[in-house]
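Undergrad: Predicted model follows, preceded by the sequence.
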Amino acid sequence: MDKLKKVLSGQDGNDDLNVLQSANEASTLGWGTRVKGFLACFVSGVLCSLLGTCLLWVPKTGLTLFAVFYSLGNIASLLSTVFLMGPLKQLKRMCDKSRALATGIMITCLVLTFCAAFWWKNRGLALLFCILQFLAFTWYSLSYIPFARDAIIKLFSACFK
């Protein structure tokens with residue numbers, strides 16, 4: 001009955017936020033555990049990416065394996081920061097005004113890489129999407145370093161004058 005009253009009075013919209021907040025609070029870890037989780041996830045992401053790079057030279061299926069392992073490595077590396085910040089804060093920062101475009105392009109390229117590798121079976125597109133993933137992930141990562149994006153833009157504008 002209380003839930004019905006909340007829905008009818010328009011107060012039901014806060015339940016999703018409360019669920020996310022309670023999940024964030026329930027999953028509090030000690031700082032040492034967070035750092036260990038971050039390192040384990042980040043190192044596994046780097047290893048997946050390196051494995052993908054090594055598998056690039058396997059005949060016939062190498063490019064597909066590269067695309068899959070490289071994408072899984074990027075996902076693991078991205079998720080590693082969840083250990084440091086927490087899931088809710090990570091999502092908020094990913095959707096921040098300065099990172100939203102890079103996040104959207106990065107996630108779109110991740111999905112398109114898997115589509116190109118498995119459904120479309122187009123290795124050239126998979127490689128293109130991996131390159132775009134790398135560029136979007138780099139641009140996303142630079143947003144955490146103060147003034148790094150501005151420095152890159154000034155560097156490229158000075159090079160191409």
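TA: Yep, that arrived.
Undergrad: burial count for residue 158?
TA: For residue 158, the neighbour count with other C-beta atoms under 10 Å is 8. C-beta: built from backbone N, CA, C; applies to glycine.
Undergrad: and if you look at residue 104?
TA: Residue 104 has 14 neighbouring residues, counting by other C-beta under 10 Å.
Undergrad: Can you give me every residue that contacts it?
TA: Not one residue lies near residue 104 by C-beta atoms under 8 Å, 6 or more residues apart in numbering.
Undergrad: confidence score at it?
TA: Predicted confidence (pLDDT) for residue 104: 96.
Undergrad: Please determine how far it is located from residue 30.
TA: From residue 104 over to residue 30 the distance is 33 Å, taken as C-beta to C-beta, to the nearest Å.
Undergrad: Equivalent analysis for residue 84, please.
TA: Distance from residue 84 to residue 30, counting by C-beta to C-beta: 12 Å.
Undergrad: just residue 73 next, same as before
TA: Relative to residue 30, and taking C-beta to C-beta, residue 73 is found at 27 Å.
Undergrad: One more: residue 149?
TA: Applying C-beta to C-beta to residue 149 and residue 30 gives a distance of 33 Å.
Undergrad: So between these two, which is more surrounded?
TA: Legend: neighbour count by other C-beta under 10 Å for residue 149 and residue 30, higher for residue 149 (14 against 8).
Undergrad: and the most centrally placed residue in the chain, which of the three is it?
TA: When C-alpha atoms, centre = their mean is applied to the chain, the residue found nearest the centroid is residue 78 (4.2 Å). When classified by DSSP: H, G, I helix; E, B strand; the rest coil, residue 78 comes out as helix.
Undergrad: what's near enough to touch it?
TA: The contact partners of residue 78, by C-beta under 8 Å, 6+ apart, come to 45, 106, 137.
Undergrad: let's see it at 7 Å
TA: By C-beta atoms under 7 Å, 6 or more residues apart in numbering, the contact list for residue 78 is empty.
Undergrad: Check the gap between it and residue 126 for me.
TA: For residue 78, the distance to residue 126 - C-beta to C-beta - is 19 Å.
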